[in-house]
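**Student:** how does the following fold in three dimensions:
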Amino acid sequence: KMRKILKLTVSAAVLSFALTACGGSDSGAESSGEIDPMSDKGVGPVSSLTLGELDAALASSGEKLFNEKCSSCHKMEKRYIGPALAGVTQRRTPEWVMNMILNPEGMVQENEAAKKLLMEYSAPMANQSLTEDEARSILEYFRKVDSEQK
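**Tutor:** Presented below is the predicted three-dimensional model:
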């Protein structure tokens, strides 16, 4: 009888995980405990950021930094060691993007979206020890790429 109870418990847990992992529940983000990605600011030094018009010079320096520090793991248009980054500004808040750049260790420990990315890609994002200004320029580069795709 104990084996049967254990089998049922394990089966229920596996089914629950499969439904959650595959998006099989239509109960919505609020009831599942997930945070809306467009309100999630992540974990790190950036709690609030107001964006203005696209700054071409800042985006240019961000592109250079991206090519030096990020492109060995990230491509804009395709999966690589890390996720494709084209469209990231439509999927994540600016604060989340900057916190992921500045605090990848804390993000994968405390942020659900970052934890899911780590599980999917199996490689933690390297901390490049960038400054907030450098991370902001990379964010501006992402904004430029995303604005050109519209």
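**Student:** from here on, contacts and neighbour counts on C-alpha atoms
**Tutor:** OK.
**Student:** pop out the phi and psi values for Asp55.
**Tutor:** phi -100, psi 100 (degrees, to the nearest 10).
**Student:** I'd say it and Ile138 touch.
**Tutor:** No: using CA atoms under 8 Å, Asp55 is not in contact with Ile138, being 11.4 Å away.
**Student:** any idea which residue sits dead centre in the protein?
**Tutor:** For the chain, the residue nearest the mean C-alpha position is Ala114 (5.1 Å; CA atoms, centre = their mean).
**Student:** now the helix or strand that contains it: buried residues?
**Tutor:** Per DSSP states H and E: Ala114 is located in helix 112-121. For helix 112-121, the neighbour count (16 or more other CA atoms under 10 Å) marks Glu112, Ala113, Ala114, Leu117, Leu118 as buried.
**Student:** also stretch 116-136?
**Tutor:** Buried residues in stretch 116-136, counting neighbours by 16+ other CA under 10 Å, are found at Leu117, Leu118, Pro124, Met125, Glu134, Ala135, Arg136.
**Student:** show the end-to-end separation of that stretch, please.
**Tutor:** 24 Å (CA to CA, to the nearest Å).
**Student:** chain center to that stretch: distance?
**Tutor:** 9 Å (CA atoms, centre = their mean, to the nearest Å).
**Student:** do the same with stretch 85-103
**Tutor:** Distance of stretch 85-103 from its chain centroid, counting by CA atoms, centre = their mean, is 6 Å.
**Student:** what are the contacting residues of that stretch?
**Tutor:** Stretch 85-103 is contacted by residues 37-49, 74-78, 107, 114, 127-132, 135-136, 139, 142-143, 145-146 when judged by CA atoms under 8 Å, 6 or more residues apart in numbering.
**Student:** now the buried residues of helix 112-121 in JSON lines, with distance to Ser60?
**Tutor:** JSON lines is the format used below for those (distance: CA to CA, whole Å):
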{"residue": "Glu112", "distance to Ser60": "31"}
{"residue": "Ala113", "distance to Ser60": "28"}
{"residue": "Ala114", "distance to Ser60": "27"}
{"residue": "Leu117", "distance to Ser60": "27"}
{"residue": "Leu118", "distance to Ser60": "29"}
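**Student:** residue ranges with poor pLDDT in this structure?
**Tutor:** Within the chain, the stretches with pLDDT under 70 are 1-34.
**Student:** all set, thanks.
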